[in-house]
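>>> No sequence on hand, only this structure:
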């Protein structure tokens, strides 16, 4: 089987990582895989692309432009789409017997000519509630529509559901599991990674609440800060840790620090930069929180459960697929009061913090999100 896969952005986000893992697995089963992307792969996942053919549809003079600038960001996208459309049109005949896999509906524009001329199989993998510009066009030409969680069925209108219901299937992401999810770092190793003196992660009197994700308003950092302002009066020794890339620039991070200062939480909130070792940080935390307003299938919730940690999440897409029982964690109402109550419930629960519960959570995650089963199921659907 020949597959051409497309992803819109640089290979750094959760959706792109999942696609990289998927295509790497498909290639390992003996299939021919080519990846088209507008950008590049981040250093920590480049190994996934080593055996694959990867092409970036981005003219060289735009690659280093400041994507935080709205004009340049749009110019970058527009130039890449035009450039990619021309290349795919020239290579149309090559896609006659190829499965086109779209990680983003923008890809339907790139492959529009070969799709119209040769009607290859088109697979659209929907990973969020958003409906991009070419969403309707993408679902029209798709022969198979995969959604990453059951909740994402709501992304379709009633009319769309009636017309494409026979093409829609749920396919949860699978993960490669190994002992790194369960082995905490030594004190020495952790100090090598994080030198912030406020990270007293190994003291028994400290209870660590972790929010792992980019510094972006949709991730709910403000609600987390307000929740901890309440939790500190009910749970002694609570410590909130943020870790992630500053995708919206340092202004948003500084605004969060101002909010921390407003609630007099400077000694209880720690800001960390992005790390390629999230499992180490998760393993040192007591509970992971996800007060996001929008997700697809939150990878970080799965990673937390693989580490045996309980979680608290707002009712975003995919949360119900992951938090399968009260043993796994709590889906709270989307406000900081409910979030603070849920955090306290977990921190004060001997049952949820027992070694037995830790092992059960890890086993449940491994069973539901097994990587090989995920790859085999995807290939079987082709």
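The structure has been received and is ready for your questions. Fair warning: this is a prediction, and the values are worked out from it, not measured in the lab. Numbering: from 1, shown residues only.
>>> helix/strand/coil for residue 351?
Using DSSP: H, G, I helix; E, B strand; the rest coil, the secondary structure recorded for residue 351 is coil.
>>> Tell me the spacing between it and residue 302.
Spatial separation of residue 351 from residue 302 under the definition Cβ to Cβ, to the nearest Å is 22 Å. C-betas here are computed from N, CA, C, even on glycine.
>>> again with residue 29
Residue 29 sits 23 Å away from residue 302 when distances are taken as Cβ to Cβ.
>>> can you check residue 371 too?
Noted for residue 371: a distance of 11 Å to residue 302, by Cβ to Cβ.
>>> Pull up the overlap in contacts between the two.
Counting by Cβ atoms under 8 Å, 6 or more residues apart in numbering, the residues touching both residue 371 and residue 302 are residue 175.
>>> Look at the two and report which has more neighbours.
Remark: of residue 371 and residue 302, residue 302 carries more neighbours, 23 against 16, as counted by other Cβ atoms under 10 Å.
>>> tell me the domain ranges of this protein?
2-171, 179-368 (automatic domain parsing).
>>> Mean pLDDT lowest where, among those domains?
Among the domains of the chain, domain 2-171 has the lowest mean pLDDT, at a mean of 74.
>>> can you give me the end-to-end distance of stretch 340-357?
Taking Cα to Cα, to the nearest Å as the measure, stretch 340-357 stretches 22 Å from start to finish.
>>> Sorry, slip of the keys, the one I care about is stretch 327-346.
Start and end residues of stretch 327-346 are separated by 10 Å (Cα to Cα).
>>> contact partners of it?
Residues lying outside stretch 327-346 but in contact with it, judged by Cβ under 8 Å, 6+ apart, are 209, 223-224, 226-228, 230-231, 234-235, 238, 286-287, 289, 291, 293, 301, 305, 310-315, 319-320, 322-323, 352-353, 357, 360-361, 364.
>>> how about the helices in the stretch 51-200 of the chain?
70-90, 107-110, 112-118, 135-141, 158-164, 187-193 (DSSP state H, counting those that start in this stretch).
>>> Okay, residue 218 and residue 257: tell me how far apart.
On the measure of Cβ to Cβ, residue 218 and residue 257 end up 19 Å apart.
>>> Sorry, wrong one. I was asking about residue 267.
13 Å.
>>> who's more crowded, those two?
When neighbours are counted by other Cβ under 10 Å, residue 257 comes out ahead of the other of residue 267 and residue 257, with 16 against 10.
>>> Could you measure from that one over to residue 336?
Spatial separation of residue 257 from residue 336 under the definition Cβ to Cβ is 18 Å.
>>> just the strands in the stretch 201-350 of the chain please.
207-212, 238-243, 269-272, 287-290, 311-313, 329-331 (DSSP state E, counting those that start in this stretch).
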